[in-house]
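Q: Below are the sequence and a predicted model for it; my questions follow.
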Amino acid sequence: MPLSRFHALREYLDKVILGQPTLTENLLIALIADGHLLVEGPPGLAKTRAVKALSDGVEGDFHRIQFTPDLLPADLTGTDIYRAQTATFEFEAGPIFHNLILADEINRAPAKVQSALLEAMAEGQVTVGKQSYKLPKLFLVMATQNPLENEGTYPLPEAQLDRFLMHLNLDYPSAATEFEIMRLSRSEALTQELPKVEPIAQEEVFAARKAALDIYLAEPLEQYIVNIVMATRQPQQYSDQLANWLEYGVSPRATISIERCARARAWLMERDFVSPEDIQAVVPNVLRHRLLLSYQAQAEGVSSDQVINHILSQVAVP
């Protein structure tokens, strides 16, 4: 499997999405690990542009869905349409039937719509009435949340958040990057052209996923992943502070996600083995949305990232 194709895609993403290297790297990790992303950040940080650029670099189609309080599940999944000519009902597929989906402001839609999307993410299918319909084999959702506004939103329950492979927090770019963004925007407006890249075929993506699963993961590192997860469930064995901060630990999905993401990162780094650094790099994004902090932690203003950093400092590295 030629890694150079994915390196070219990474360079392309970094050219069109300035100042967000974490986002571009984790988009590729999610693509190779076959998972979905939840991205949180203020408006205007190229979240839509990022997944659109990824769709330009991968053979497949892209669709953006704006979530609103009046959205219905059928607006997402599609519905049965009555055809008078044949006197039969025919399924009309909704916008979810694309390869790459941007679920913009997912927390603005009511629970039924969120549930329909999360079934698609978890099962690779949607159910309309008594019939289920398979989604494309290549299917990736990047959902966004705006942390600045809470009015009129429907927060995702913890059990549904667990369906996301990773949760990324984006921040504003530096002043130097802001200059580059301004110049790039002006250049694109003048030329009406964007950088181009040869799209990666879907079969190449599937081959990359298989290659990542074949990356060597030593048994001590498997135990390291398990120890990190167990530290969230039995925090009292590591420190009293951690026990005071955590209400509930993470599920086995977190264990699987850490392993898959660490393998994908190692593969992108052109290594045939997973290192402790790969695990430590992906743990914050995998655990951030899965930890349930105690009231005491919230009262003290302790964030999930602080808890994760504390866990990594307490769990011995092989």
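A: Looks like it arrived, so ask away. Numbering: from 1, shown residues only.
Q: Now that residue 286 has come up, it's in contact with residue 165, right?
A: Yes. Taking C-beta atoms under 8 Å as the contact criterion, residue 286 and residue 165 are neighbours in contact, 7.2 Å apart. Quick note: C-beta positions are derived from backbone N, CA and C, even for glycine.
Q: Pull stretch 194-214 out as CSV, backbone CA atoms only.
A: Extracted as CSV, the C-alpha positions of stretch 194-214 are listed here (Å, rounded to 0.1, in the frame of the first residue of the first chain):
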residue,chain,number,x,y,z
LEU,A,194,-8.2,25.7,-5.1
PRO,A,195,-5.2,23.4,-4.7
LYS,A,196,-5.9,20.0,-6.3
VAL,A,197,-4.9,16.5,-5.4
GLU,A,198,-5.4,13.2,-7.1
PRO,A,199,-8.2,11.4,-5.2
ILE,A,200,-7.4,8.2,-3.4
ALA,A,201,-9.6,5.4,-4.6
GLN,A,202,-11.9,3.8,-2.0
GLU,A,203,-10.1,0.4,-2.5
GLU,A,204,-6.9,2.1,-1.4
VAL,A,205,-8.6,3.4,1.8
PHE,A,206,-9.8,-0.2,2.6
ALA,A,207,-6.3,-1.5,1.9
ALA,A,208,-4.8,1.1,4.3
ARG,A,209,-7.3,0.0,7.0
LYS,A,210,-6.2,-3.6,6.6
ALA,A,211,-2.5,-2.6,6.6
ALA,A,212,-3.0,-0.6,9.8
LEU,A,213,-4.7,-3.6,11.5
ASP,A,214,-1.6,-5.6,10.7
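Q: can you give me the helices for the protein?
A: Remark: helices of the chain, listed N- to C-terminal, are 3-16, 21-33, 47-57, 73-77, 111-123, 158-161, 175-191, 202-213, 219-233, 240-245, 252-268, 276-287, 295-299, 304-314; assignment by DSSP state H.
Q: In a markdown table: those, plus distance to residue 147 and mean neighbour count.
A: Formatted as a markdown table, the helices of the chain follow (distance: least, C-beta to C-beta, whole Å; neighbours: other C-beta atoms under 10 Å):
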| stretch | distance to residue 147 | mean neighbour count |
| --- | --- | --- |
| helix 3-16 | 23 | 17 |
| helix 21-33 | 15 | 22 |
| helix 47-57 | 12 | 22 |
| helix 73-77 | 23 | 20 |
| helix 111-123 | 17 | 19 |
| helix 158-161 | 14 | 14 |
| helix 175-191 | 20 | 11 |
| helix 202-213 | 31 | 17 |
| helix 219-233 | 23 | 18 |
| helix 240-245 | 21 | 15 |
| helix 252-268 | 22 | 22 |
| helix 276-287 | 16 | 22 |
| helix 295-299 | 16 | 12 |
| helix 304-314 | 13 | 17 |
